[in-house]
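> Sequence and predicted structure below; questions after.
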Amino acid sequence: MVGAERKAAVRPVSVRQSFRGEALVDKGLSVGEAVVVRGQYRLLPGSLVSLADPNDPKRRSKSLDGQCWNAAVNLSTPFIRKPIATALLMVAIVLLGVIGYELLPVAALPNVDSPTIQVTAQLPGADPQTMASSVATPP
């Protein structure tokens, strides 16, 4: 909650019910007291808090389920908020890469079949000079 002189203070509260990001506080708050609802994990008791106007359309937008959230979308936000899941995802990607590398059919001296052609020509009774001049050499 926000205490005197706009400084953060920690106070235990009793929540009766919560639904879609809204909570019904049973005990611990009085009517009109300000509560930090965004960024509270960065606050320490006694930190200076700036109050935002809840009716300012530039600071708030509506999501599909009716909850208010900041309009800026950041691709890295889920990875920053869940570091253990991010580390597990990285380990899985590295393991899949290592397994894939091991399964690649790569050899230092691969068995390659060179393209070859064999031509056989017969001329009964001919000597090698006749074969070279009439069969092997084009006209």
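Done, it's in. Numbers count the residues shown, from 1 in each chain.
> how long is stretch 25-38 end to end?
17 Å (C-alpha to C-alpha, to the nearest Å).
> List of residues touching it?
Outside of stretch 25-38, the residues within contact range by C-beta atoms under 8 Å, 6 or more residues apart in numbering are 1-2, 8, 11-16, 43, 49, 51, 70. For every residue, glycine as well, the C-beta is placed using N, CA and C.
> That stretch: which residues count as buried?
Judged by neighbour count (16 or more other C-beta atoms under 10 Å), stretch 25-38 contains these buried residues: Val36.
> Quick one: mean pLDDT over that stretch.
Per-residue confidence for stretch 25-38 averages out to 79 on the pLDDT scale.
> again with stretch 112-119
The predicted model gives stretch 112-119 an average pLDDT of 85.
> what about the strands in this structure?
14-19, 22-27, 61-62, 68-69 (DSSP state E).
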